[in-house]
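In: kindly generate the corresponding structure for this input.
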Amino acid sequence: MSDVMLQQTVKTSLLDESGERAISKQAQLVDTIENGQTDSRGKKIVRDQWNNKIEYMLSVIGYVVDLGNCVRFPYVAYKNGGGAFLIPYFSFLILIGVPMMFLEMSVGQYFGVGNITLWGKINIFMKGIGYSSLLVVCYITLYYATIIAYSVFYFFASFSAEMPWAKCKNEWNSEKCMERISESNSTIENPVSAAEEYYKRCMLGIHKSSGIDDLGPIKFDLTLCLAVVFLLMYICICKGVKGTGKAVYFTATVPYVILLILLVHGLTLSGSDDGVSYFLTPSFEKLFHFECWKDAAIQIFFTLGPGISVLTTYASYSKKNNNCQVDALGASAANVIASFLSGIVVFASLGHLSYEIGKPIEEVTASDFGLSFIAYPEILATFKFSAFFSAIFFLMIINLGLDSSFGGLEAIYSSLADEFEIVKQYRKTFMAVIHILLFLGSLPTVTHGGMYLVTFLDAFSTSPALMFIVFFEAVSISWIYGIGKFSENTFEMFKVRPNKFWIFCWLFASPLIILALFFISIFVFEPPSVDNYKYPQIYLIIGWMINVSVMLPIPLYALFKFFQLKIISNIFKS
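Out: Here you go, the predicted structure:
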């Protein structure tokens, strides 16, 4: 339809109607203009689809079972008293995680478009949700790719006769270094394990930086690892879901096999039972600390990924009669199993490390990203064929990270491609530009002080902004679009209407809990830290500016659309 015809149609409608009815009809027409599924020549756009249901499910599982399970879950549980963390974790999983996952997958599948266009179809004023999700993905990728790069670094380091993190007397070691077995009875005051020094001094080089305002030069070795990560992500994403669906046959199943091998071996180590007991036994006093509940909520958001637009994007490529309810429950179960396996493996290793060093488990190491890059290598070094097991383990971690990363990048592409036709016409070129820009933006995270920036971005790129996004998702579907209409949509697709539990969560439980967490996250804020380092006040202000920038598209777009419709209506009335 040409611009002249569209303008004439809008004008005719507004002349025939008056008042609110006229504005309503004009809004519907603008929505059709903006979100129509035809190209500039009027030809209907054929959207890619998954090759089969198995590839779709494995892709979703590959997305929700990621570094958040193997890296984040153990250190967050450790930080919040082990078993006590499981109580808020399961509470939020049942009331927020699974319901919102089901909702996003259903909406994405029904409308079959990218996340920006999707929320414009839900309601013309809610399109800003898509732009906010787009910003979240970009911010997360800036540091998430760096964590994958750490695994690439360890992967290449594994190809040696003896693991470099198993012994002291290397050029990067300090006089505090203690080998885990041979020097277990050492008289060194405040000893540091060889694995921890390898992580902090060899790979990160953080001892050469005094803080976030002293990042230092870029580390060449980590930069190469980061480049490898972005190259692999581009290879995975440039061909679309038809290509990425093939890779998940390996990446979504092998992690469970390797985790089981590590679990069996870890439980045979001396002191491991104490570590597992610490993981599973609740410290109920932690439940009175808001951080415990906040971290549990963020963990759900981080692993299941509501509000980040990957679930809606993946579902948009599935068939219309696919049962999203079964998919959401199955993927959530896979996520929980992977988290528990990872937690037990890490805590078994921590228990053994505690036994060897002679310190309480809570004092073995700091609760940060380094936990899994210290505990995992520590246990791998005890294997008879340590080089082999270390290599396949970090290859597994790399694949877990890539699964989620190219899911996020596919969401970026899909969101923009369904809004701007030129993006769809030059997919490979567009994705290459995005990868280059994100790589350049990630370079500060691979400096000597890069971990300060990684921790900073992790703290301010998600909560409370992500809660803000998910709250408006729930409200937009349940209260604006209408829960009755949404139920009919699910019945239209797979002949099942949501039960009372789902409806209760979408209408009341999920939005109210998320809203409460949003405000509490603002008023009970604990600044991020790395070991004993505290961030200067100016950087905390910058961090909040980043977080607010994620939320702003939602109200700004609603205001923009309101005044746009009002101005157009007044013009035609006059």
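In: and the strands in the stretch 151-300 of the chain, which stretches?
Out: Using DSSP state E, counting those that start in this stretch, the strands of the stretch 151-300 of the chain run over residues 177-178, 192-193.
In: show me what the first one is packed against.
Out: In this structure, strand 177-178 packs against strand 192-193, helix 194-197, with contacts taken as 3 or more Cβ pairs under 8 Å, 6 or more residues apart in numbering; DSSP states H and E. (C-beta placed from N, C-alpha, C; glycine too.)
In: just put these in JSON lines and tack on mean pLDDT.
Out: Output for the helices and strands packed on strand 177-178, formatted as JSON lines (pLDDT from 0 to 100):
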{"stretch": "strand 192-193", "mean pLDDT": "83"}
{"stretch": "helix 194-197", "mean pLDDT": "90"}
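In: strands of the protein, start to end?
Out: Here the chain has its strands, by DSSP state E, at 177-178, 192-193, 529-530, 533-534.
In: residues making contact with the third one?
Out: For strand 529-530, the surrounding residues in contact (Cβ atoms under 8 Å, 6 or more residues apart in numbering) are 206, 368, 451-452, 455, 535.
In: of those residues, the lowest pLDDT goes to which?
Out: Least confident of the contacts of strand 529-530 in the model: residue 368, at 59.
In: on that earlier part again, so which of the contacts of strand 529-530 is the most crowded?
Out: residue 451 (29 neighbours; other Cβ atoms under 10 Å).
In: quick revisit: any idea which of the strands of the chain gets closest to residue 388?
Out: Closest to residue 388 of the strands of the chain is strand 192-193 (Cβ to Cβ; 22.5 Å).
In: mind listing the strands that closest one pairs with, and their directions?
Out: When pairing is defined by DSSP bridges, strand 192-193 lines up against strand 177-178 (parallel).
In: for residue 507, find the nearest of the strands of the stretch 151-300 of the chain.
Out: So among the strands of the stretch 151-300 of the chain, strand 192-193 is nearest, using Cβ to Cβ, at 50.5 Å.
In: longest helix in this structure, please.
Out: helix 324-357 (DSSP state H).
In: packing partners of that one?
Out: Secondary elements touching helix 324-357 (3+ Cβ pairs under 8 Å, 6+ apart): helix 53-64, helix 73-79, helix 98-111, helix 254-266, helix 272-280, helix 290-304, helix 370-380, helix 483-494.
In: now that helix: mean pLDDT?
Out: Helix 324-357 shows a mean pLDDT of 87.
In: just the buried residues of that helix, please?
Out: 324-325, 327-328, 331-332, 334-336, 338-357 (16 or more other Cβ atoms under 10 Å).
In: count of residues packed around residue 49?
Out: Counted with other Cβ under 10 Å, residue 49 comes out at 15.
In: wait, I meant residue 235
Out: Around residue 235 there are 14 residues (other Cβ under 10 Å).
In: and what of residue 243?
Out: For residue 243, using other Cβ under 10 Å, the count is 14.
In: that one contacts residue 406, correct?
Out: No: between residue 243 and residue 406 there is no contact under Cβ atoms under 8 Å: 9.8 Å.
In: shared neighbours, the two?
Out: residue 236.
In: which residues does residue 81 contact?
Out: By Cβ under 8 Å, 6+ apart, the neighbours of residue 81 are 282-283, 285-286, 292.
In: would you format these as a markdown table with pLDDT and neighbour count included?
Out: What follows is the contacts of residue 81, written out as a markdown table (pLDDT from 0 to 100; neighbours: other Cβ atoms under 10 Å):
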| residue | pLDDT | neighbour count |
| --- | --- | --- |
| 282 | 79 | 14 |
| 283 | 79 | 15 |
| 285 | 85 | 10 |
| 286 | 85 | 19 |
| 292 | 86 | 23 |
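In: with distance to residue 482 added, can I get the residues you listed in a markdown table?
Out: A markdown table is the format used below for the contacts of residue 81 (distance: Cβ to Cβ, whole Å):
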| residue | distance to residue 482 |
| --- | --- |
| 282 | 41 |
| 283 | 44 |
| 285 | 44 |
| 286 | 40 |
| 292 | 36 |
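In: mind checking which of the residues you listed are in helices?
Out: Those of the contacts of residue 81 lying in helices (DSSP H): residue 292.
In: show me the shaky parts of the protein.
Out: Low-confidence segments of the chain (pLDDT under 70): 1-46, 180-187, 357, 364-370.
In: and the residue nearest the centre of it?
Out: Centroid check for the chain by Cα atoms, centre = their mean gives residue 302 as the closest residue, at 4.4 Å.
In: spatially nearest residue to that one, not counting backbone neighbours?
Out: Counting by Cβ to Cβ, 6 or more residues apart in numbering, residue 68 is the residue found nearest to residue 302 once chain neighbours are left out, at 4.6 Å.
In: measure the one you found to residue 59 for me?
Out: Per Cβ to Cβ, to the nearest Å, residue 68 is found 16 Å from residue 59.
In: try residue 524
Out: 37 Å.
In: with neighbour numbers in mind, choose between those two.
Out: Neighbour count, other Cβ under 10 Å: between residue 524 and residue 59, residue 59 has more, with 26 against 11.
In: that one contacts residue 407, correct?
Out: Yes: with contact defined as Cβ under 8 Å, residue 59 reaches residue 407; the gap is 7.3 Å.
In: give me the common contacts of the two.
Out: In contact with both residue 59 and residue 407: residue 314, using Cβ under 8 Å, 6+ apart.
In: residue 177 pairs with what?
Out: Judged by DSSP bridges, the bridge partners of residue 177 are residue 192.
In: state the number of residues packed around it.
Out: Residues within reach of residue 177, counting by other Cβ under 10 Å, total 23.
In: tell me the contacts of it?
Out: Counting by Cβ under 8 Å, 6+ apart, residue 177 has contacts 168-169, 191-194, 197.
In: hmm, try it at 10 Å
Out: Residue 177 is in contact with 167-170, 183, 186, 188, 191-198, 201, counting by Cβ atoms under 10 Å, 6 or more residues apart in numbering.
In: please apply the same query to residue 219.
Out: Residue 219 neighbours (Cβ under 10 Å, 6+ apart): 153, 203-205, 208, 225-226, 446-448, 450.
In: helices - which of those residues land there?
Out: Per DSSP H, the contacts of residue 219 map to helices at 153, 225-226, 450.
In: ok, residue 167 touching residue 179?
Out: Yes: applying Cβ atoms under 10 Å as the test, residue 167 and residue 179 come out as touching, 5.7 Å apart.
In: overlap in contacts of those two?
Out: The contact sets of residue 167 and residue 179 overlap at 173, 194 (Cβ under 10 Å, 6+ apart).
In: I figured residue 149 was touching residue 226, is that so?
Out: Yes: taking contacts as Cβ under 10 Å, residue 149 lies within contact range of residue 226: 4.3 Å.
In: now for these two: what residues contact both?
Out: 442, 445-446, 450.
In: now tabulate those in CSV and tack on neighbour count and distance to residue 213.
Out: Listed next are the shared contacts of residue 149 and residue 226 as CSV, based on neighbours: other Cβ atoms under 10 Å; distance: Cβ to Cβ, whole Å:
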residue, neighbour count, distance to residue 213
442, 25, 19
445, 25, 15
446, 28, 17
450, 28, 13
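In: farthest-apart pair in those, please.
Out: 442 and 450 (9.2 Å).
In: residues bridging contact with those two, i.e. touching both?
Out: 143, 146, 149, 226.
In: burial count for the last one?
Out: Neighbour count for residue 226, taken as other Cβ under 10 Å: 25.
In: separation between it and residue 443?
Out: Here the criterion is Cβ to Cβ. By it, residue 226 lies 8 Å from residue 443.
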